[in-house]
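Colleague: Below are the sequence and a predicted model; questions follow.
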Amino acid sequence: MGLNAQIAGALTEMARLSELTGADSFRVRAYQRAARAFESLTTDAGDLDRQALLELDGVGHKMAEKVEHIAATGTFPELDELRDKTPAGLIEVLRIPGLGPKTVRAIWQTLGVESLDDLKKSIDDESIATVPRMGAKTIENIARAIDFAASAGDRTRLGLAAPLAALVRERLADVAGVKRLESAGSLRRGKETIGDLDILAVCDDPAALSQAFCDMPGVDEVLAHGETKSSVRMSIPNPRGGADARIQVDLRVVPEDAWGAALMYFTGSKEHNVRLRERAKKQGLTLNEYGLFPDDNEKEPPQKRGVKPKASKTEESIYNALGLSYMPPEIREDTGELDLDRAPRLIEVDDIVSELHAHTTASDGVLSIEELAKEAKSRGFHTIAVTDHSKSQQVAHGLSEERLREHIKAIRAAKVAGISILTGSEVDIMPDGNLDYDDDLLAELDVVVASPHWSLQQKPDKATKRLLKAIEHPLVHIVGHPTGRLINKRGGLEPAMNELIAAAIEHNVALEINCHWMRLDLRDTHVRAAVEAGALIAIDCDVHSAPDFDNIAYGVATGRRGWLTPENVVNTWTKKKLHDWLKAKR
DNA sequence: GCCGTTTTCGGCCCGACTGTTTTCAGTCG
């Protein structure tokens, strides 16, 4: 684990433990905010002096001192003190949906519950009923929430959540009187994993919509069933067989006039919304999910008193009324976007006109060279590169030198009208940083994508050297999925990303955003660092079959989360510009 | 614990829903 992650982890733990011991909520929020600053920090915190630490959002003198402690010792005195006082098992109890710090604290102090197992026992022997405000219904809900947490497991990956959300919207769109329907939440912000799905609707007959929602196939539990809000739990079939994943889906029906305010509110992020409401307040306004209103300090909310909002119908009108330009959902994370005079023109799916990382039946793909090229052509691309695996990837039928030479001939012979087919390889970066083919063979290829596939548990300094060596190689164009992580499965390499980015700029190499929803590698925070430094980015689908081209949406979303604009993305370039860049390395 | 174009102290976003109560505490987003 890198230092930044370690700092973020320690501060998050501090926040959780503080909640459990009854610290005031503003102090808890301060720890959470500082933790987020280090989560998204792309320089190594160890390289920052006191002054630089203080410049981070949400870091003051006391926090900086604690951070320096963590860097030196892995912990800090206040955290150690709280760890001594608080059972470690309570953190997992806190993760059960519906159980907050107050309740966990109560069952801990009155019953001595110190872990999830203790909690289950207290339900079984009914001792939990002696805790204040603990009625039969609450106990029943806790029991169900424990089961749900066990079966839901990790957050759902974007590539599984997005199709499910589309399916839900499709079903609801058939209900009479539905006028608007949109996914909100972290799905709309394009996060790599999703906690629960939020669907927002406008409908003439909210009751019918809500009923249809709760009656959908796949719903196995209804949590709430009202006119404006309904919640269900449903299963996502596992594409590889085995146990289904479960996810909570919320439907909210809102008034048409408040659509923009509601969409903004339910899209989040929470931190972004908090900042917006603070900003509104400073301007003598108040912002809620019904609109932006004049702040008259009345207790009753303005919309209930018939006060006319300054803005509410569209998100753009609300941002404008606050003196801001429209913010694309992907950057609404309170990581500096609210300081912008104008939001950048972010990369879009339609900007992508080439694919430089694709496999055929020669290694582990299912398409022939021609089929691949035709599919790419149908997506409006001017160029497709055929980059099958290199020889070390034996499980993927990686190509020996001889087979690659034959393959090059076959690729050159293939013709599909209207698209350039380039020869290439996704060549393994060996653990020592050498490549899997000799230079004279690599020099024959139009495109070289160098990727790490194994030995992915190397120490950070070794991983950095390994990847730097590949970047410095004069024949390499692109470094594919640079960390090799698999979301929710494998952490992958943790190289010093800033060094890689600096080297990539120096050696005119593009770093890949691999679009597969299990990878999304580079991840959003890495992209942000690359964008700030001005590095080239390749957004590629790592195509193995035709539907893989659709993963482009996830890669583009990841780019947008990193504030990526089209100019530095090689896949947006014209054919001439792209081919000139490739040839410059030959 | 952070922060300052009203403030170096005294604020720190807003509302819905649920379940427990009988006027509200806790959780969530």
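Modeller: Received, thanks.
Colleague: could you pull out the strands for the stretch 201-350 of chain A?
Modeller: A:219-225, A:229-236, A:245-253, A:285-288, A:291-294 (DSSP state E, counting those that start in this stretch).
Colleague: Out of those, the one nearest residue A:489 is which?
Modeller: Among the strands of the stretch 201-350 of chain A, the nearest to residue A:489 by C-beta to C-beta is strand A:245-253 (13.3 Å). For glycine as for every other residue, the C-beta is placed from the backbone atoms N, C-alpha and C.
Colleague: got a list of contacts for that closest one?
Modeller: A:97, A:148, A:151-153, A:156, A:160-161, A:164, A:168, A:172, A:194-203, A:206, A:209-210, A:213, A:220, A:223, A:227-236, A:238, A:262, A:266 (C-beta atoms under 8 Å, 6 or more residues apart in numbering).
Colleague: quick one: strands adjacent to it?
Modeller: Sheet pairing of strand A:245-253 (DSSP bridges) gives strand A:197-203 (parallel), strand A:229-236 (antiparallel).
Colleague: In contact with the residue lying closest to residue A:101 once chain neighbours are set aside, which residues?
Modeller: Closest residue to residue A:101 apart from its sequence neighbours, by C-beta to C-beta, 6 or more residues apart in numbering: residue A:19 at 3.7 Å. Counting by C-beta under 8 Å, 6+ apart, residue A:19 makes contact with A:25, A:28, A:94, A:101.
Colleague: what bits of the stretch 201-350 of chain A have low per-residue confidence?
Modeller: Flagging of the stretch 201-350 of chain A using pLDDT under 70 yields the residue ranges A:237-244.
Colleague: who in it is up against DNA strand B?
Modeller: A:224-226, A:228-229, A:250, A:266, A:268, A:270, A:273-274, A:277-278, A:280-282, A:286-290, A:295, A:301-302 (C-beta under 7 Å from any atom of the strand).
Colleague: How about the secondary structure of residue A:388?
Modeller: strand (DSSP: H, G, I helix; E, B strand; the rest coil).
Colleague: Which ChimeraX command selects the buried ones in the residues of the stretch 201-350 of chain A next to DNA strand B?
Modeller: A single ChimeraX command is used to select the members of these judged buried by 16 or more other C-beta atoms under 10 Å:
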select /A:250,266,268,273,277,280,286,287,288,289,290,302
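Colleague: related to what we said a few turns ago, same list (the strands of the stretch 201-350 of chain A) but as a markdown table, adding distance to residue A:7.
Modeller: Listed next are the strands of the stretch 201-350 of chain A as a markdown table, based on distance: least, C-beta to C-beta, whole Å:
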| stretch | distance to residue A:7 |
| --- | --- |
| strand A:219-225 | 36 |
| strand A:229-236 | 34 |
| strand A:245-253 | 31 |
| strand A:285-288 | 32 |
| strand A:291-294 | 36 |
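Colleague: that older thread, of the contacts of strand A:245-253, keep whichever come out buried.
Modeller: So, by 16+ other C-beta under 10 Å, the buried ones in the contacts of strand A:245-253 are A:97, A:148, A:152, A:156, A:160-161, A:164, A:168, A:172, A:194-203, A:206, A:209-210, A:213, A:223, A:230-236, A:262, A:266.
Colleague: rewinding a little: next up, phi/psi of the residue nearest to residue A:101, please.
Modeller: phi -60, psi -50 (degrees, to the nearest 10).
Colleague: Local confidence estimate at it?
Modeller: Here the pLDDT value assigned to residue A:19 is 90.
Colleague: Can you give the distance of stretch A:503-520 from its chain's centre?
Modeller: 16 Å (C-alpha atoms, centre = their mean, to the nearest Å).
Colleague: Surely residue A:539 is within a strand?
Modeller: Yes. Counting by three-state DSSP, residue A:539 is found in a strand.
Colleague: what's near enough to touch it?
Modeller: Taking C-beta under 8 Å, 6+ apart, one finds A:347, A:352, A:512-513, A:515, A:552, A:555-556, A:559, A:569, A:571 in contact with residue A:539.
Colleague: ok, and does stretch A:132-143 reach over to DNA strand B?
Modeller: Yes. Counting by C-beta under 7 Å from any atom of the strand, DNA strand B has neighbours in stretch A:132-143: A:132-139, A:141.
Colleague: Which among the residues you listed count as buried?
Modeller: Applying 16+ other C-beta under 10 Å to those flags A:134, A:138-139, A:141 as buried.
Colleague: so who does the residue nearest to residue A:130 when sequence neighbours are not counted touch?
Modeller: Once flanking residues are discounted, residue A:130 sits nearest to residue A:110: 6.8 Å by C-beta to C-beta, 6+ apart. By C-beta under 8 Å, 6+ apart, the contact set of residue A:110 is A:130-132.
Colleague: ok, the host helix or strand of residue A:110 near DNA strand B or not?
Modeller: Per DSSP states H and E, residue A:110 falls inside helix A:101-111. Yes. Figure legend: helix A:101-111 in contact with DNA strand B (C-beta under 7 Å from any atom of the strand); contacting residues A:101-104, A:106.
Colleague: Top of these by number of neighbours, please.
Modeller: The most crowded member of the residues of helix A:101-111 next to DNA strand B, judged by other C-beta atoms under 10 Å, is residue A:104 (21 neighbours).
Colleague: so where does residue A:159 fall, helix or strand?
Modeller: helix A:158-173.
Colleague: Outside of that helix itself, which residues are in contact with it?
Modeller: With C-beta under 8 Å, 6+ apart as the criterion, helix A:158-173 contacts A:178, A:181-183, A:187, A:190-194, A:197, A:199, A:201, A:209, A:212-213, A:216, A:234, A:236, A:239, A:245, A:247, A:249, A:251, A:516-518, A:520, A:551, A:553-554, A:557.
Colleague: in stretch A:319-339, what counts as buried?
Modeller: Neighbour-count burial for stretch A:319-339 [16+ other C-beta under 10 Å]: A:319, A:321-322, A:324, A:327-335, A:337-338.
Colleague: Report the contact partners of the residue of the stretch 401-550 of chain A found nearest DNA strand B.
Modeller: Proximity of the stretch 401-550 of chain A to DNA strand B (C-beta to the nearest atom of the strand) peaks at residue A:488, 18.4 Å away. For residue A:488, the contact set (C-beta under 8 Å, 6+ apart) comprises A:154-155, A:157, A:193.
Colleague: Could you check how far it is from residue A:496?
Modeller: Remark: distance between residue A:488 and residue A:496 (C-beta to C-beta, to the nearest Å) = 24 Å.
Colleague: Same question for residue A:226.
Modeller: When residue A:226 is compared with residue A:496 (using C-beta to C-beta), they lie 51 Å apart.
Colleague: Residue A:393 contacts residue A:451, doesn't it?
Modeller: No. Counting by C-beta atoms under 8 Å, residue A:393 does not reach residue A:451; the two are 9.5 Å apart.
Colleague: who has more neighbours, the two?
Modeller: Taking other C-beta under 10 Å, residue A:393 and residue A:451 do not tie; residue A:451 has more neighbours (25 against 20).
Colleague: In contact with the closest residue to the more buried one other than its chain neighbours, which residues?
Modeller: Spatial nearest neighbour of residue A:451, chain neighbours left out: residue A:480 (3.4 Å); criterion: C-beta to C-beta, 6+ apart. Residue A:480 is in contact with A:357, A:426, A:449-451, A:512, A:514, A:540, A:542, counting by C-beta under 8 Å, 6+ apart.
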